[in-house]
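Visitor: Model the following, please.
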Amino acid sequence: VQLQASGGGLVQPGGSLRLSCAASGRTFSNYTMGWFRQAPGKVREFVSGINWSGLSRYYLDSVKGRFAISRDNAKNTGYLQMNSLKPEDTAVYYCAVGGSWSTWDYWGQGTLVTVSS
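Guide: All right, here's what the predicted structure looks like:
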């Protein structure tokens, strides 16, 4: 599977961004999809995930109520809607897909999100 993440950019605190993850090459709907982020000098962390059907979702505590993950299997695309952004959300965001919640087989290239006034 090839993944292309997009939608990052510079936004003011309190603003919103919508990240997209376009998949090609294999059947996107077979996979669990996740969003990870890595801030400068920090380890990569798992931000949100969604299973193949969309019925099971996970969120990092610090983004609960602000971020929403979704997917459109017909379009082979996943999304991360980010609202009420904070400076601490600044990071490179990566999408990934895998066969389970603990196995991430394919990764996108990352898209930079900068939250700053």
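Visitor: Surely residue 25 touches residue 2?
Guide: Yes - taking contacts as C-beta atoms under 8 Å, residue 25 lies within contact range of residue 2: 4.8 Å. Backbone N, C-alpha and C define where each C-beta goes, glycine included.
Visitor: Who is the spatially most central residue of the chain paired with across the strands?
Guide: The centroid of the chain falls nearest to residue 35 when counting by C-alpha atoms, centre = their mean (2.9 Å). Counting by DSSP bridges, residue 35 is bridged to residue 48, residue 95.
Visitor: and if you look at residue 2?
Guide: residue 24.
Visitor: got a list of what it touches?
Guide: Residue 2 is in contact with 23, 24, 25, 106, counting by C-beta atoms under 8 Å, 6 or more residues apart in numbering.
Visitor: Please determine how far the third one is located from residue 96.
Guide: Using C-beta to C-beta, to the nearest Å, residue 25 is found at 14 Å from residue 96.
Visitor: higher neighbour count, the two?
Guide: Using other C-beta atoms under 10 Å, the more surrounded residue of residue 25 and residue 96 is residue 96, with 23 against 10.
Visitor: How confident was the prediction at the nearest residue to that one once chain neighbours are set aside?
Guide: Excluding the flanking residues, the one nearest residue 96 by C-beta to C-beta, 6 or more residues apart in numbering is residue 104, at 4.2 Å. We note a pLDDT of 94 for residue 104 in this prediction.
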